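# everything below, folded, please.
(chains A and B)
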Amino acid sequence: MQGQFIYATSRAIGLRVNSIIRNTSRVLNPSAEQSDMRIGICVYQCGKEIYKNTNYSVIKHGDFLEINEKDLPLSTNLKHEGLIIVSCSRGDGNGYFPQEHQLNYESIESPSKMASVVYDQLPVISSEFAKPRPILLLASKVWLSSKLNTYITFANSTPNKSEEKVIWYISLFDCSGCLVQEFQLKSSENDAHILNVKDILKKTAPFSREIEMYTLVSRGEAISSVLLTFLKDETQGNIAVEHSLSPHYYINGDFSRVREEAFIFQEDALF
Amino acid sequence: MRIFLDKLVALKRVVKGALPRGVRMRPPVVQIYIGGNQGISSRYSLTNVPSFYSPSRAYPVIYDCSIYAQSGELLEKKAVQLAPYGSYDLVPAEFFTVDLPEFGIFVAKMKPRSFFTYSDRHLGDITAHFYSLYLDEVTGSLALVHPQTTLNPSKWGNERKWKSGLLIDLRKMSKILIMQINPTKDYFSNRVGIYDEDGLELGGADFKISPMGCQAKEVLSIDLSSGNKFIYLAAEQLSSENTKPIIFLYDKEGNFSGLHS
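Reported below is the predicted structural model:
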């Protein structure tokens, strides 16, 4: 059974990330899953693979492994985000097994400022079946003020080694439903990016103390991707982080049709 | 019998697909409210979800919102309409007219403005998840939490144990605030234990929660002694499916971060 936990660094937000990779049971028959978990790690930076170790570690059942950002061979250039893919294998076969892992973020300047998030690993898609499919994701929400900023991190991954780019179409709507900004984010197939939403909005008037809320919609063709939303109090440095919810949380109907229509959105008279 | 049930499920799916949107909405989504003397403000991001997944057929929606006291008493109900692609940043202190409690439950149910909306049947059933943001103006502390659960979800049996997937570094904490909701019609009680990496219980908190009520308990890290670095939470049972506690982790300076456990 296999899974992959995908995450990105968040240097542009002034954060350092450490992951806690878990090996636990989630079914009612825990004895069936009490086997060791084999861990491999692949690290990308600027779209290029810079480290790979398919036998990084083994985690016994009930135990965990900490992976600290500082222990990874990432460039010291804080402008280059890193993409980390942790592959997890347990038992036999290539099927997917759900397993939650944890990310701990702490401020590089003030390590006492921190936030954590837990989310499930994704299925491993072999090169044979790896085809990008349209994805539409609503980010958690965007809240902005003179003190508050929102950052969205994109982590894309694919088993392909092509030079193709992934294009994310980003749209920002205000509360009345008006489109206030849109642009394209071009990314390598294995790469990480951070959007500073205040920079995207390019407002001419300064933000006030009043909090403004926006909806950020990202549409793209990807194989595996993870979006996280960070809120940061820029005066005191406190942070919050949460993962986005994939469409199956919101709807349970015809996903093929939703995918087809995801890009109609792009061409609609709305824009 | 199995074949009969499978046919029944398939028939139900066909029938539901022919029903108007007004019928095919999942139950309301619920989340804890924090305010009052805590010095923390809560806000909830309501979104016209169907319009983003079926953009060429977008329609206005109405959110029916309710706030319940810690005891489970319904305090107020009020509605707000959202335009296509619209959203609403609901701040209970500004939205509701009643005096708000220290803790409570916020409930939001979305429906189309027109009951007989058929245009987006391909979306299936819709759950109008919202995000909760908890802010402390003084310390600048933030907590962003995705939706918890829906109203009156299927109850787990008493034998369903829960163990949090979150490992907490106790060395960095001064206290943990554990908050639970009970979005059911029954009284509920449990103990949320705090365990070290070896599974040894270090402490915990006992909860007794009325129907539609909630409760918050503090556990000081000074009361939890462990040679290990990490702790985790666990309980013999939760009030219903996915009602995992929301926790705030306070550092020694009084800042908190929060998440679902």
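
# low pLDDT regions in chain A?
Within chain A, the ranges that satisfy pLDDT under 70 run A:26-33, A:127-134, A:136, A:139-140, A:161-163, A:222-223, A:262-271.

# and the longest helix for it?
For chain A, the longest helix by residue count, based on DSSP state H, is helix A:255-262.

# and residue 70, what is it in contact with?
No chain specified, so I'll use chain A. By C-beta atoms under 8 Å, 6 or more residues apart in numbering or on different chains, the residues touching A:Lys70 are A:Arg16. (Glycine included, C-beta is placed from N, CA and C.)

# meant chain B actually
Listed by C-beta under 8 Å, 6+ apart, the contact set of B:Gln70 reads B:101-104, B:213-215.

# for B:Met179, same thing?
B:Met179 makes contact with B:32, B:34, B:103, B:214-216, B:245-248, according to C-beta under 8 Å, 6+ apart.

# show me which residues of the stretch 51-200 of chain B sit near chain A.
Listed as neighbours of chain A in the stretch 51-200 of chain B under the rule C-beta under 8 Å from any C-beta of the partner chain: B:51-56, B:82-89, B:121-129, B:131, B:133, B:139-147, B:163, B:165-167, B:169, B:172.

# of the residues you listed, just the buried ones, ChimeraX syntax please.
Only the buried entries of these go into this ChimeraX selection, using 16 or more other C-beta atoms under 10 Å in any protein chain shown:
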select /B:51,52,53,54,55,82,83,84,85,86,87,88,89,121,122,123,124,126,127,128,129,131,133,139,140,141,142,143,144,145,146,147,163,165,166,167,169,172
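
# which other helices and strands contact the helix or strand of chain B with the lowest mean pLDDT?
Every helix and strand in chain B was compared by mean pLDDT, DSSP states H and E; the lowest is helix B:2-17, with a mean of 78. With contacts taken as 3 or more C-beta pairs under 8 Å, 6 or more residues apart in numbering or on different chains; DSSP states H and E, helix B:2-17 sits against no other helix or strand.

# now it - C-alpha only, CSV.
Presented in CSV, the C-alpha positions along helix B:2-17 are these (Å, rounded to 0.1, in the frame of the first residue of the first chain):
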residue,chain,number,x,y,z
ARG,B,2,-28.2,-7.2,-0.5
ILE,B,3,-29.3,-6.9,-4.1
PHE,B,4,-32.6,-5.3,-3.0
LEU,B,5,-30.8,-2.8,-0.9
ASP,B,6,-28.4,-1.9,-3.8
LYS,B,7,-31.3,-1.4,-6.1
LEU,B,8,-33.0,0.8,-3.5
VAL,B,9,-29.9,2.9,-3.2
ALA,B,10,-29.7,3.3,-7.0
LEU,B,11,-33.4,4.2,-7.2
LYS,B,12,-33.0,6.8,-4.4
ARG,B,13,-30.1,8.3,-6.4
VAL,B,14,-32.2,8.6,-9.5
VAL,B,15,-35.2,10.1,-7.6
LYS,B,16,-32.9,12.6,-5.7
GLY,B,17,-31.4,13.6,-9.0
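
# chain center to it, what's the gap?
31 Å (C-alpha atoms, centre = their mean, to the nearest Å).

# go on, stretch B:197-209?
Using C-alpha atoms, centre = their mean, the offset of stretch B:197-209 from its chain centre is 21 Å.

# which parts of that stretch are buried?
For stretch B:197-209, the neighbour count (16+ other C-beta under 10 Å) marks B:197, B:202-205, B:207, B:209 as buried.

# just to revisit the earlier point, columns neighbour count and pLDDT on top of the contacts of B:Gln70, output as CSV?
Formatted as CSV, the contacts of B:Gln70 follow (neighbours: other C-beta atoms under 10 Å in any protein chain shown; pLDDT from 0 to 100):
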residue, neighbour count, pLDDT
B:Pro101, 21, 93
B:Glu102, 14, 93
B:Phe103, 21, 94
B:Gly104, 27, 96
B:Gly213, 25, 96
B:Cys214, 29, 96
B:Gln215, 21, 97
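
# make JSON lines out of the buried residues of stretch B:197-209 and add secondary structure and pLDDT.
Shown next, in JSON lines, are the buried residues of stretch B:197-209 (DSSP: H, G, I helix; E, B strand; the rest coil; pLDDT from 0 to 100):
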{"residue": "B:Glu197", "secondary structure": "coil", "pLDDT": "88"}
{"residue": "B:Leu202", "secondary structure": "strand", "pLDDT": "92"}
{"residue": "B:Gly203", "secondary structure": "strand", "pLDDT": "92"}
{"residue": "B:Gly204", "secondary structure": "strand", "pLDDT": "93"}
{"residue": "B:Ala205", "secondary structure": "strand", "pLDDT": "95"}
{"residue": "B:Phe207", "secondary structure": "strand", "pLDDT": "97"}
{"residue": "B:Ile209", "secondary structure": "strand", "pLDDT": "96"}
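
# and these, which is closest to chain A?
Minimum distance to chain A across the buried residues of stretch B:197-209 is 8.3 Å, recorded for B:Glu197 (C-beta to the nearest C-beta).

# quick one, what contacts that closest one?
Residues in contact with B:Glu197, defined by C-beta under 8 Å, 6+ apart, are B:167, B:228-231.
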